[in-house]
Structure formats: structure tokens, C-alpha cells
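Novice: Requesting a structural model of the entry that follows:
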Amino acid sequence: MTTLLPETARSVDAAVARAQATGQVPSISLGVVRDGELVHVATAGGAASPQDARPGPDTRYRIGSISKTMTATLVLQLRDEGRLALDDLLYRHLPGTPVGGVTLRQLLGHAAGLQREPEGKWWERHEGDDIDALLAGLTPDKVAFPPHRTYHYSNLAYGLLGAVLRRVTGEDWTTLLTKRLFDPLGMRATTYDAVEPFARGYVVHPWSSTLREEPRTDTGAMAPAGQLWSTVADLAHWAAFLAAPRPEVLAADTLAEMCAPVIISDLEAWTSGHGLGLELYRVGERVYVGHGGSMPGYVACLAVHRRSRTGVVGFANAYSFRQGSIGALGREVLTDVLDREPELPAPWRPAGAPPPPLAPLTGRWWWMGIEHDLAWDEPAGELVLSQLRAGAPKATRFTPEGTDRWRGRGGPNDGEVLTVRRDEHGVPVALEIATFIYTRHPDRLGP
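Specialist: From the prediction side, this is the model:
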């Protein structure tokens, strides 16, 4: 079983303790996930009332908008099954809606320009309406900005996505979640309503530090935007899934698509953006995916570094921190773990010689005076083209598509075709990639 080093665990514990004390929140529960396992749980604070659960890995908190990441995954599952397309206009699935000119992709990425909330009082401690009432309350002016002009976070967008899921499948959101996500991933403690043991949610009075318990409302048609409850132990399964998806739930390429930016939400510094249901955070030279969450009385965080399969999930049972935030704490802890325990490179292992037809392709090639190396990766069955200079871009790997034809994967030639040119004797004399000609000599322009 994977574990954190003792000094790393102490650093995580200290960060959580500081955040609870300076943030002045009743309790925090935070977990670190590595290689699919919950490897450490840090808690601070305690039960604020006799009915309150003490923080621990099995204590439920509201996860708020982390629910959106699950709604988005359901949409992508249906896309992969051919039951909808991301560029479908909304009115294809919800005929007659006055905001039907936006696409599902724009709704998923908060790029549709929809206003933040629907009409009514659902956020302010009131029960939510049903889908029919949600749709009936829509008017053309709910599109506050031209679609894709700017990032504008919208809970309403996810309420509408929930309505699309119901229209396409004929099943309600909770049934879809249980059948398609929670049962396959073993998430038995992630629920629609509060189930004991759970932490009561509070607003902390700014002057007296007294607590006011918040009601635990059913958000109705807006549930796909933020209804769910979960535990550190259970949400760790979701973090592990985002790091390395199980193909029977979602294809790896589809999850990678969800992690690609739909829109940048911080145009000045490019430190944050939004993919298809996932928030993107740049911290130094790393990019994390995940989401924040808040509901009256609760805040939550989810941040995952996919390459190292490391993540953090965390909750607090107060609506805000006096100093800092649950999201900042989660990213701080994730960065600390990665800095203290960086991922190790895969061990080098000797390989067999390339197959005879491929051996003449390996070695040095030149383009525009830049030296390249073409190597054979025997375990992967791929050719690997690398620039041999400081600051070079990532290598491109090529998979075979036919005789002397290879398709790029990753790097600057991702998706491009490498074609081998041979002379009359069958000797390779040039490589062509997207009309760029690579030769064996730096001063030769072509074969």
C-alpha cells in the first residue's frame, strides 16, 4: 500500500490545522490520494454540537459544485454512446426553450453566457423547483453575454444539462449517477441527502464567532449543479477516477478531452480555466484539474495532478473561511506533497533491436538545420522523434498506420502523418511530416 513519508504527513496535518485555526471554521477533513488509494487523512476541529459528527474519513459533508464534475461525466458518456453531440444546440434536446441557441459544450464550460442562477429563491435556503418549473422560468434575457465571448460561471447551465440528461435517457439524475458512476466506482457513501454521520453546516458570525446552523435543502431541478453529499473516503474514489479513469466508466481519451480548456477564466495571468465540467488550475509549472464546491454551511475542494495520479479532496462545514479558502488549502497541500515526494521516472530497461524494416529509419535526421533523433520504442511499438537541442519541445511518438505511414501522438506533430520516402533501392532517404522534409544531412533540402 502507498503511504506518505512521515515528514510529508506531518506537513499536511500542520497545514490543515493552520487553516482551521486561521479560517475559523468548525471542522476540516482532508484526504490525499495517490495511485488510486487514500493514503492520508488530516482533520482539524471537532463536533460543534452534540448532534454533529466529528471530522473523519467517513463523515459526510455537502460537496456543492463538485457535483458538476459528475453531471459532466454523464453527458460525456452519452456523447460517446452517440446519443447526443457536444455541439448540439440546447433546443435540440429542450425544444421551445428561449435560451436554446447555446451548445452543450458551452454549457459544460461556462462559456454559454447564461446568468448565474435561475429565477426564484433556490439558493437562499429554499427548496428547489422541478424541471418543468425551471424550464418555464426561462426567458431570452437569461443569456447575459454573447456565447463564448467571456467566461461566466453558471449554475443555471448545469440545471439545464440535468434536464437534457432526463430528456435523452428518460431517467432522473440520481438514478443515472448511481447506475453509471457510483456503483461501478464503489462510491456507496455519496448520496443525494444527508445521511448520518454528517457534519452540520454553519455560518460563523464575523463579530462573535457564534454559529448559525444552515438548513439542508433539496435543490430539485438544480441538483445537478450542487446537491450531493460525500465523505473523504468516498470522494477519494472520484479523485482516483479523474487521475486514471476506468474504461468501463469513461474512455481515457474522453477524460483527457474534459481536461482540455474550453475557456480561460483568468485572461491576465492564465492561472485558471474551465474544461468540460472540470476547473483547471495552474500552480507553478503544474496544472491541476478538479472543482470547488459550496452550499449554505459548506465548502469543498477537489484537485488532481493527473500525470502523477495524485489528488486532494477536502471539506469544511462553514460557508467561508475568515482567512484563506478550502480551495487554496487543497492546492497548497497537493503542491506540498508533489514537491516533497516527486514522481520517479520509469526505470530504463534494455530493448531489443528494431525489426529489420525499421532499423534503417532510426538515427539522425535534419530539418531546417535542426538535428532530430528517431528512435524505436520496442515495448510500445512506436517511433519516437525528438529534437536534439536545449529547450526542445516534447517528443512526438508515431504509431503505425500502414506501410511507411505513421500517425503522430503527442508533441508538436500530434495527429500528423509521417511518410517514409525511399530511393529506387528501398533505402529511406527522407521523412515527410505535414510537407516538412527531414533528410539525413543538414544541408540537403530533399531526397
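
Novice: how long is stretch 189-201 end to end?
Specialist: Using C-alpha to C-alpha, to the nearest Å, one end of stretch 189-201 lies 18 Å from the other.

Novice: what sits up against that stretch?
Specialist: Outside stretch 189-201, the residues within contact range by C-beta atoms under 8 Å, 6 or more residues apart in numbering are 26-27, 29, 48-49, 51-53, 55, 58-63, 174, 182, 213-214, 216, 218, 223, 227-231, 233-235, 238, 295-298, 315, 317-319. Where C-beta positions appear, they are placed from N, C-alpha and C, glycine not excepted.

Novice: Next step: the residues you listed restricted to strands.
Specialist: The members of those that map onto strands under DSSP state E are Ser27, Ser29, Tyr61, Arg62, Glu213, Trp229, Ser230, Met295, Tyr298, Phe315.

Novice: Max pairwise distance over those: which two?
Specialist: Farthest pair in those (C-beta to C-beta) is Glu213 and Ser230. Separation: 19.9 Å.

Novice: could you flag which of the contacts of stretch 189-201 are buried?
Specialist: With burial judged by 16 or more other C-beta atoms under 10 Å, the buried subset of the contacts of stretch 189-201 is 26-27, 29, 48, 52-53, 55, 59-63, 174, 182, 213-214, 216, 223, 227-231, 233-235, 238, 295-298, 315, 317-319.

Novice: and Thr3, what element?
Specialist: When secondary structure is defined using DSSP states H and E, no element contains Thr3, which sits outside every helix and strand.

Novice: and it, how many residues sit next to it?
Specialist: Each residue near Thr3 was counted by other C-beta atoms under 10 Å, and the total is 12.

Novice: Quick check: it touching Val39?
Specialist: Yes: counting by C-beta atoms under 8 Å, a contact exists between Thr3 and Val39, whose distance comes to 5.5 Å.

Novice: so what secondary structure elements neighbour the helix ranked longest in the chain?
Specialist: Using DSSP state H, we find that the single longest helix of the chain is helix 6-23. With contacts defined as 3 or more C-beta pairs under 8 Å, 6 or more residues apart in numbering; DSSP states H and E, the secondary structure elements packing on helix 6-23 are strand 27-34, strand 37-45, strand 310-316, helix 326-340.

Novice: will you turn these into JSON lines that also has distance to Asp141 and mean pLDDT?
Specialist: Compiled in JSON lines, the helices and strands packed on helix 6-23 are given as follows (distance: least, C-beta to C-beta, whole Å; pLDDT from 0 to 100):
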{"stretch": "strand 27-34", "distance to Asp141": "40", "mean pLDDT": "97"}
{"stretch": "strand 37-45", "distance to Asp141": "44", "mean pLDDT": "97"}
{"stretch": "strand 310-316", "distance to Asp141": "36", "mean pLDDT": "98"}
{"stretch": "helix 326-340", "distance to Asp141": "31", "mean pLDDT": "98"}
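
Novice: Which one, of those, ends up nearest to Arg405?
Specialist: The closest of the helices and strands packed on helix 6-23 to Arg405 is strand 310-316. By C-beta to C-beta, the value is 37.9 Å.

Novice: on contacts alone, who are the packing partners of that closest one?
Specialist: Applying 3+ C-beta pairs under 8 Å, 6+ apart, one finds that strand 310-316 contacts helix 6-23, strand 27-34, strand 61-62, helix 232-243, strand 298-305, helix 326-340.

Novice: Could you list the low-confidence segments of this structure?
Specialist: In the predicted model of the chain, residues 1, 121-126, 445-447 satisfy pLDDT under 70.

Novice: one more time with 50, if that's ok
Specialist: Per-residue confidence for the chain (pLDDT under 50) gives no ranges below the cut-off.

Novice: Would you map the helices across it?
Specialist: Under the criterion DSSP H, helices of the chain are mapped to 6-23, 66-80, 90-93, 104-108, 131-136, 155-169, 173-177, 183-185, 232-243, 252-258, 326-340.
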